[in-house]
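Asker: Just the structure for this:
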Amino acid sequence: MASIIVDNQSHFPSESRPAKPTDALVAHVMGLVNDWRDVRNNAYSARWDGWYNTIRGKWTPDTKNKKRERSKLISPLSSMAVDLTVADIIEALIGRESLVDITDDVDDDEKKDMEVIRKRLLEDLYKDGIVRTLIDIVWNGTVYGTGIAKINIDVVDEVTPKVVDEIGKDGKTTKRLKKVVTERVKVFPAPVEPGQFVPDPSASNIDDMLGMGYEYKLPLHKIWKRQKAKTYFDHVHVSPMSGPEEGTENRQEEYTQSGVKTYAGITEYHGLVPTSMLNSSIANKGRAAPEGTDDHTSKKDMTEAVIVIANKVDLLRAIPNPSIMEDRAFVSYQHDTVPNRFWGRGVMEKGHHPQKASDAELRSRADSLAWINNPMLAGDLTKLPPRMNLNVWPGRFFGLKGDPGKSLQEFKFGDVNQSTFVQTQEFERMHQQATGAVDPAGIGQGVRDQATGATAINVSGITKRAKRTLFNVEGFMQTLIRRILWRKMQFEPDRYPLDIKFQVRGSMGMMARELEQMFLSQMFQNTDPQGQTHLLLLKAIFENSASPAREEILNDINEQLKPPSEEEQKRQEAVESAQQQLIIEDLQNKRADTALKLAMGDKNKAEALLKKIEADFKDDEMFLENLKVAIDRTTVENQERQTDLTERGLDIQNKKLDIESRKIDKDKKKDK
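Answerer: Presented below is the predicted three-dimensional model:
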């Protein structure tokens with residue numbers, strides 16, 4: 001807890017500060033804020049302090065896991081998870097050229113004004129340090145579960161260099177650099193730490209709350225400056241803060257000068273207050289109203305107001321909500337949504353138990369090393385001299401009675417269990433599962449087949465979990481930019497034309513736009529470059545882009561898409577008629593060429609068929625000739641066979657006659 005520093009009143013005027021507020025509005029507001037703060041602190045203060053100490057590596061007695069624990073090591077798991085998560089969200093938010101994109105509503109035909117507004121807004125946001133602010137807001141949201149931003153409005157002197165011509169004594173003109181100071185309305189968001197924000201616990205949305213308090217430290221010289229500028233009531237004497245700071249005290253340092261604080265505690269209330277109390281405080285400028293003049297009986301008539309109170313008692317400012325849209329100056333988002341709760345769930349809450357287990361493992365191992373690494377001796381007291389000093393140092397001599405090996409020996413408790421190293425890795429894996437913050441370098445580990453897309457499947461779960469947070473941040477950015485732009489239009493109408501209806505696209509909107517750009521580019525490549533569809537797709541691509549030359553390119557495309565004049569139309573009709581005639585003639589020529597090619601093809605087919613028939617006829621003639629020759633040969637052969645048969649018949653006849661003749665001769669011889 002922060003120590004209570006008592007102010008040295010001798011450094012300040014003798015006028016003492018009242019112990020309690022005299023203004024009814026201050027009493028009403030502080031009564032609400034005090035009750036709301038108690039509800040917040042009872043539920044979250046100790047947890048926030050523990051998470052902050054863990055991520056900063058700060059050891060406190062509350063972080064001890066065992067009574068006799070001596071090590072003060074803190075595992076870096078949560079710190080690494082926060083760093084990775086913040087880096088991913090910031091890359092999604094500001095990893096592009098444009099932080100956000102602003103487009104006009106559909107019904108507005110004049111869209112050039114929003115182009116000017118978009119460029120000026122981005123220029124002002126980057127000039128006012130939006131990048132650092134977003135990093136702080138996202139860091140708070142990642143650690144504590146809720147990121148909160150307050151939209152501040154301030155008039156600042158902007159110093160710019162200017163080159164001017166100066167005429168010297170000799171009459172020569174020289175160029176010199178001159179400082180030019182101009183006033184500028186500065187509308188910028190500021191990060192709000194959860195310990196500084198006191199919300200109405202009855203609602204989960206800022207716009208639905210009765211009100212909220214914003215408690216912070218403000219140096220006295222800034223308060224005096226605002227009193228001089230009539231921003232605060234100038235008659236109020238503000239003393240330095242005399243008590244401990246509210247909220248998460250051990251995270252806030254005290255700024256002192258000569259032992260005395262040089263700042264005051266400011267409670268800035270935004271919300272509904274009774275109208276009668278507000279009017280009375282404004283009329284009396286924070287002074288106690290005369291008796292009998294206050295009429296605070298009705299609290300049903302409420303007005304949205306901004307109340308600034310110093311040190312819980314001094315009213316510095318009381319005004320109705322200055323925003324023309326009557327929207328509140330606070331915007332918040334939950335890192336991980338908890339339904340029906342204002343405070344969300346952050347990385348530190350998700351990884352709380354793995355972090356505690358890892359801390360206990362590391363500290364237990366470190367404590368055991370003290371017993372293992374330091375040399376110890378065990379000895380026989382009956383053989384040692386009385387009151388012998390057993391401390392060990394190099395070159396030490398021990399005088400013993402008897403064998404030293406039997407009187408003294410080294411004593412060890414054992415070694416560190418190797419399973420503790422495996423347990424540490426398991427705690428790291430559990431922490432990654434709980435928080436969803438995974439080091440990209442280790443994503444591919446454990447994936448067997450990366451060629452089949454297993455790595456993408458492994459990453460898909462991580463991406464889905466990150467999308468939930470990005471959608472919350474998307475809504476936060478849309479609301480934040482919208483309210484900043486409304487205030488820019490209200491307080492800088494010369495630079496920001498009044499166009500209340502517009503659309504804001506954040507990180508997820510940009511992702512959807514990039515996906516749409518991809519599809520448009522694919523269709524653009526598959527269209528006729530000479531057609532109007534090609535130009536329309538090109539126009540759609542540049543309308544969705546954030547290119548610096550978008551406006552010039554769109555103007556050129558619109559010029560090309562304009563309908564032609566009467567002369568140009570006649571000329572275009574003549575050209576189109578000539579082109580159509582050429583197309584018809586070309587088509588007729590193509591048809592004639594096709595018919596000629598078909599006829600030539602038929603002729604070639606007929607000639608080929610004729611040649612084939614002639615060849616077949618010649619083959620038939622050859623066959624018939626061969627057949628005739630074969631018949632003639634067969635006839636000759638038959639005639640030759642017939643001749644042979646005749647000759648054989650004659651031989652047989654002759655032989656028969658010869659036999660008969662011989663028989664006759666034989667008979668004749670017998671007769672004789």
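
Asker: top helix in the protein by residue count?
Answerer: When the chain is parsed with DSSP state H, its longest helix is helix 566-671.

Asker: Rounded mean pLDDT for it, please.
Answerer: Per-residue pLDDT values across helix 566-671 average out to 84.

Asker: Repeat that for stretch 48-57.
Answerer: 89.

Asker: Residue 323: what's its closest spatial neighbour, skipping adjacent residues?
Answerer: residue 487 (6.5 Å; CB to CB, 6 or more residues apart in numbering). Any C-beta I mention is one placed from the backbone N, CA and C, and that applies to glycine too.

Asker: Hmm, that neighbour is touching residue 187, no?
Answerer: Yes: checked against CB atoms under 8 Å, the pair residue 487 and residue 187 is within contact range at 4.7 Å.

Asker: Quick check: nearest residue in space to residue 324, chain neighbours excluded?
Answerer: Counting by CB to CB, 6+ apart, residue 324 lies nearest to residue 490, which is 4.8 Å off, once chain neighbours are set aside.

Asker: helix, strand or coil for the one you found?
Answerer: Local secondary structure at residue 490 is given as helix here, using DSSP: H, G, I helix; E, B strand; the rest coil.

Asker: To what extent is it buried, counted in neighbours?
Answerer: By other CB atoms under 10 Å, 17 other residues sit near residue 490.

Asker: Check residue 311 too.
Answerer: Residue 311, neighbours per other CB under 10 Å, totals 18.

Asker: Could you pull up the residues touching it?
Answerer: Listed by CB atoms under 8 Å, 6 or more residues apart in numbering, the contact partners of residue 311 are 17, 238, 239, 241, 242, 264, 265.

Asker: the strands in the stretch 301-450 of the chain, which residues?
Answerer: Defined through DSSP state E, counting those that start in this stretch, the strands belonging to the stretch 301-450 of the chain, from first to last, are 302-310, 314-320, 330-334, 377-379, 408-410.

Asker: now those as CSV including mean neighbour count and mean pLDDT?
Answerer: Formatted as CSV, those follow (neighbours: other CB atoms under 10 Å; pLDDT from 0 to 100):
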stretch, mean neighbour count, mean pLDDT
strand 302-310, 21, 94
strand 314-320, 21, 93
strand 330-334, 24, 95
strand 377-379, 13, 76
strand 408-410, 12, 74
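
Asker: ok, back up a step: and the longest helix of the chain, how far out from the chain middle?
Answerer: For helix 566-671, the distance from its own C-alpha centre to the chain's C-alpha centre is 87 Å (CA atoms, centre = their mean, to the nearest Å).

Asker: circling back: residue contacts, the residue nearest to residue 323?
Answerer: Applying CB under 8 Å, 6+ apart, one finds that residue 487 lies in contact with 151, 153, 187, 323.

Asker: With residue 145 instead?
Answerer: For residue 145, counting by CB under 8 Å, 6+ apart, the contacting residues are 334, 335, 336, 338, 343, 344, 345, 346, 348, 349.

Asker: any idea which of those residues is the one closest to residue 400?
Answerer: For residue 400, the nearest member of these is residue 348. The distance, counting by CB to CB, is 57.6 Å.

Asker: What about the closest residue to that closest one other than its chain neighbours, how many residues nearby?
Answerer: Take residue 348 and drop its neighbours on the chain: the residue closest to it by CB to CB, 6+ apart is residue 51, 3.9 Å away. The burial metric for residue 51, expressed as a neighbour count using other CB under 10 Å, is 24.

Asker: ok, residue 51 touching residue 139?
Answerer: No: between residue 51 and residue 139 there is no contact, the gap being 12.0 Å when judged by CB under 8 Å.

Asker: For the stretch 451-600 of the chain, which residues score under the pLDDT cut-off?
Answerer: The stretch 451-600 of the chain contains residues with pLDDT under 70 at 451-465, 499-517, 544-551, 564.

Asker: any chance you could map the strands in it?
Answerer: Along the stretch 451-600 of the chain, counting by DSSP E, counting those that start in this stretch, strands occupy 502-505.

Asker: repeat for the stretch 101-250 of the chain
Answerer: Taking DSSP E, counting those that start in this stretch as the criterion, the stretch 101-250 of the chain carries its strands at 101-104, 146-167, 173-192, 197-199, 211-219.

Asker: now, of the ones you listed, which is deepest in the fold?
Answerer: For those, ranked by mean neighbour count under the definition mean count of other CB atoms under 10 Å, the leader is strand 197-199 at a mean of 26.

Asker: That strand pairs with which strands, and in what direction?
Answerer: Strand partners for strand 197-199, identified by DSSP bridges, are recorded as strand 211-219 (antiparallel).

Asker: Test my guess that residue 234 contacts residue 228.
Answerer: Yes: in this structure, residue 234 sits in contact with residue 228. The criterion is CB under 8 Å, and the distance is 7.0 Å.

Asker: Which of these two has more residues huddled nearby?
Answerer: residue 234 (13 against 10).

Asker: The most centrally placed residue in the chain is in what secondary structure piece?
Answerer: The structure's the chain has its C-alpha centroid closest to residue 92; by CA atoms, centre = their mean the separation is 2.9 Å. Element membership of residue 92, judged by DSSP states H and E, is helix 77-94.
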